Each structure stands twice: as structure tokens, then as C-alpha cells.
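Undergrad: Build the 3D model from these lines:
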Amino acid sequence: MLLCPFEDDHVGHLSPLALTRAVFDLRVGARTLVEKAAAAFPDAVVVPHTRAALADVTAEEHPDWETDAPSGPTLFVNGRWLIREGDALDAVRAVVGTDEARAFVQDDVLVALWHPDPPARLTAGDALRLADVEDTATEVIDNAVLVTHLWDLIADLGERITDDLEAMGGLGTHAGTVEDGATLFEAGRIFVGEGATIRAGAVVSAASGPVWIAEGAEVGENAVLRGPVYLGPKAIVKPTARVDESAVGYRSKVGGEVHGSVFHSLSSKGHDGYLGNSYLGRWCNLGADTNTSNLKNDYGEVTVWDAVAGDFVGSGSQFVGLFLGDHSKCSINTMFNTGTVVGVFCNLYGSGFPPRHVPSFAWGGADGLVPYRTDKAFRVAEAVMARRDRTLSDAERARLAEIAQAHGME
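TA: Numbers count the residues shown, from 1 in each chain. A predicted model of the protein is given here:
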């Protein structure tokens, strides 16, 4: 069986984080959306369908995946579907392997499609829509969780991390090094991978939820981790840092206080300062003493910039911090207001709050923004990536150039 995670025409709401990656590659806990889908159907061969502009980037991200159009029995799953046991998953599993095509629909959105022999037209465009399967038998569902807006990426984050870690198995395994003087509370709910190190004085508590410290990760001296927490491979929690209810992806670095937040991967917040209910993409860096507000003084609903609406829209939440696109950075003492959205390749500095919406390839701060030249931006990216033995690939460079051009840069 083939598993085809697909993008639909709602992905624009997840800009800027979905500008540089397929929507199903967004981290929503310990795992990405597609990792959760693959875990639900472990015997399937993954054949993705993305926007054409992201096909090469996605192929580089997943070199083991098939790249041809699906042919043969295929389960199509919406890349925005946050798959968990129960929910709509049981209904979908019940028809997988049958001879009849079946579409699963919720609120006029195609959530999943089982097809024993899918026609090529299904993946001919950038998006797979409900209109593309109007001749298919339909089953209405009402309990699938779809990531539609930026704030959906961090909603119920602690519950999602707990669900992931329990499903991944291995809690209670301590293959790494726990130095003398480090403390593990409820060690049976803590995973310490091979090559991971928990330094003297650190406290790792699973009293409120499980903790996963992946292979090669490090928890510094006197740092405190309060579960549910996911610390990805080679990630670092700096000495005296405090992290709770957060997911820190591959080779990210965390200092200060972090709550209810996601580091997709390869991003750094190495110093003191507060990050709450926020989402950082890849290759981001927060300067020392950068702070985010995640709660308005009047305790009201936080509004967030929506690229499709072209305006701020209500999030339905009191707690929303910062969304930072790939390769964006800020200087020391930067202050971010509640519900701030910063695009791809932004460089922010200066006193005062930057605007709550900063478009991609912008340079400046509260006193104004100017375009960030692409030649300079790419030079900075190469220097940053070299520190982790990486370089901009041709596919990444081409996609970033497209984003720059869309924002008036050459």
C-alpha cells in the first residue's frame, strides 16, 4: 500500500512556516505531521504530493520516499491532519484494502481518500481538493483534528507530546549518561538515548508528563526540564535553563525559560529570556535577553496575522506568542508582542517592539523596515549553516529565491 500525504488549498494560512516546507513536515509535538501519519500506517510506502514549488525541497528532506505519482492501492491523507489513535483513524482504517474508493470529509474539507487505483488527475495540480473526488463515495466524519492556522501548531502541545512519547515506546530506558548529582523524578517516564548526557545538578521531572532526551542530546548543569518535554537528537539545553511543555527539535539550542513552544529544528535560543507559546522554524536565532509576550495585559483574545486574509484574525486563545519563519533572527534585548508573525529571512534589531507582522526578507525593527538583500541574506545563511556542517542546497536556494521575488526582492 502507498501512503500519500497531500497538501490542500488551505496551506496559505500556515505562512510563513509552510513557505519553506510541505505542510506535513511541520512539527506538532515530538513528531511532525507526516511522522504521525507514517506511524499510523507503518507498512505503507510514502509517496508525497506537494506544491510544485516544494517538490524538490521535499525530495531532499526525504530521500527514501518515492517521487513518482501514486499508482496502485493508495491512502491519501491530508497533510494537515493531526492523526491520533481513535478520532477518525478507525473509520479510515476500516476501508483500507477494500476494492471501493472512499473519501472522508469534514466541514467540506477532504481529510482522507482510499483509492484502489487512483487516476493521475488527483495529483496533477498543487492541491488535492474535495472537488477532485466528487465522483467518489463519501463518508462524513466529525472528529479529525486539522491544523488550519498558525496557533493550531501549538494548541494542546503538552497533550500532543505526551501522546507521541507514549506511542514511540522506550520510556524508562536510560542508555545515556546521567551524571552524579543529576535528579530524575519518575524515571520510568523518562527516556535517555544513547550518547545523551544529563549534567550534574540538572533536574528532569516527569511528574506532569513524560520526558524524551534523544540520542546525543545534552541537558546542562542545573537546568530544569518539566514534562511533557521532547528534546530531539543532538539538541542542547543550556545550564540553568527551564523548559516545560515544549518540543525542541534536532540540533536546536535552548537557554533561559521556554514554555509551551516548538523549535522545529536547527534553531537557537542560547541565552536568558522568555519564550512562551511560540513556534520557531529552522535556522532561527534569538539574541540574548529576547523576550516574547504570550498574554495580553487585558487577558483578551490574541489576534494573529493571517496571510490569506491579509489581516489580523482572532485566534480564540489567550496565550499566543511568536511565530518565526526559517532563517529569521533578532538581536539582543528584542521584545516581541503577543501574536507576532515574522516571515522568512528577517533580521530584527533595535529598541521597542517590532511590528506584529513582519513580511519575509525584512530588515529593521520598531523604527521601520527595509528590504533584506538576497545576496546578503544568503551569505549569512551559508555562514550559519556551516557551523552545523550544512550548506544551502540548490533546491533550498531556488525556493528561497522564489519567496524573495514574491516579496519584491531580486
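Undergrad: Alpha carbons of stretch 89-102, as PDB, please.
TA: Output in PDB follows, covering the C-alpha atoms of stretch 89-102 (Å, rounded to 0.1, in the frame of the first residue of the first chain):
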ATOM      1  CA  LEU A  89      -8.500   7.000  12.200                       C
ATOM      2  CA  ASP A  90     -10.600   3.900  12.900                       C
ATOM      3  CA  ALA A  91     -13.100   4.800  10.200                       C
ATOM      4  CA  VAL A  92     -10.300   5.200   7.600                       C
ATOM      5  CA  ARG A  93      -8.500   2.000   8.600                       C
ATOM      6  CA  ALA A  94     -11.800   0.100   8.100                       C
ATOM      7  CA  VAL A  95     -11.800   0.800   4.400                       C
ATOM      8  CA  VAL A  96      -8.100   0.500   3.600                       C
ATOM      9  CA  GLY A  97      -7.500  -2.600   1.400                       C
ATOM     10  CA  THR A  98     -11.100  -2.700   0.100                       C
ATOM     11  CA  ASP A  99     -12.000  -2.600  -3.600                       C
ATOM     12  CA  GLU A 100     -14.100   0.600  -3.300                       C
ATOM     13  CA  ALA A 101     -12.800   4.100  -3.300                       C
ATOM     14  CA  ARG A 102     -13.900   6.200  -0.300                       C
END
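Undergrad: residues in contact with it?
TA: The contact list for stretch 89-102 (Cβ atoms under 8 Å, 6 or more residues apart in numbering) reads 1, 40-41, 73, 75, 77, 83, 104, 112-116, 118, 133, 136-139, 141. For the C-beta atoms, the positions are set from N, CA and C on the backbone; glycine is no exception.
Undergrad: Report the buried members of these.
TA: Applying 16 or more other Cβ atoms under 10 Å to the contacts of stretch 89-102, the neighbour count classes 40-41, 73, 75, 77, 83, 104, 112-115, 118, 133, 136, 139, 141 as buried.
Undergrad: so where do the helices sit in this protein?
TA: With helices called from DSSP state H, the chain shows them at 33-40, 55-61, 89-95, 157-168, 374-386, 394-406.
Undergrad: thinking again about what came up before, which one of the buried ones among the contacts of stretch 89-102 sits closest to Gly125?
TA: Val133 (13.0 Å; Cβ to Cβ).
Undergrad: And the spatially most distant residue from the centre of the chain, how far from Pro73?
TA: Taking Cα atoms, centre = their mean, the residue of the chain most remote from its mean C-alpha position is Asp99, at 35.4 Å. For Asp99, the distance to Pro73 equals 9 Å [Cβ to Cβ, to the nearest Å].
Undergrad: Domain boundaries for the protein, per the record?
TA: 2-148, 149-270, 280-410 (automatic domain parsing).
Undergrad: got these as a markdown table, with mean pLDDT columns?
TA: Conversion of the domains of the chain to a markdown table gives the following (pLDDT from 0 to 100):
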| stretch | mean pLDDT |
| --- | --- |
| domain 2-148 | 95 |
| domain 149-270 | 98 |
| domain 280-410 | 95 |
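Undergrad: if we can go back for a sec, could you measure the residue farthest from the centre of the chain against Val92, distance?
TA: Counting by Cβ to Cβ - Asp99 and Val92 are separated by 16 Å.
Undergrad: swap in Lys296?
TA: Applying Cβ to Cβ, the value for Lys296 to Val92 is 39 Å.
Undergrad: Of these two, give the one with the bigger neighbour count.
TA: Each of Lys296 and Val92 has its neighbours counted (other Cβ atoms under 10 Å); Val92 has more, 24 against 16.
Undergrad: Mind listing the residues bridging to Ile213?
TA: Val192, Leu231 (DSSP bridges).
Undergrad: That one against Gly195, yeah?
TA: No: the criterion here is Cβ atoms under 8 Å, and Ile213 misses it with Gly195 at 10.3 Å.
Undergrad: And the two? Which one has more around it.
TA: Set Ile213 next to Gly195 and count neighbours by other Cβ under 10 Å: Ile213 wins out with 29 against 15.
Undergrad: Quick check: the more buried one vs Pro233, distance?
TA: 10 Å.
Undergrad: which neighbours do those two share?
TA: Gly193.
Undergrad: Tell me which of the domains of the chain sits most buried.
TA: domain 149-270 (a mean of 21; mean count of other Cβ atoms under 10 Å).
Undergrad: That domain spans what distance, first to last residue?
TA: End-to-end distance for domain 149-270, by Cα to Cα, to the nearest Å: 28 Å.
Undergrad: just use 295 as the starting number from now, easier for me
TA: Sure, I'll start counting at 295 from here, so that last one is domain 443-564.
Undergrad: Please identify the nearest residue in space to Thr597, excluding sequence neighbours.
TA: Spatial nearest neighbour of Thr597, chain neighbours left out: Phe606 (4.0 Å); criterion: Cβ to Cβ, 6 or more residues apart in numbering.
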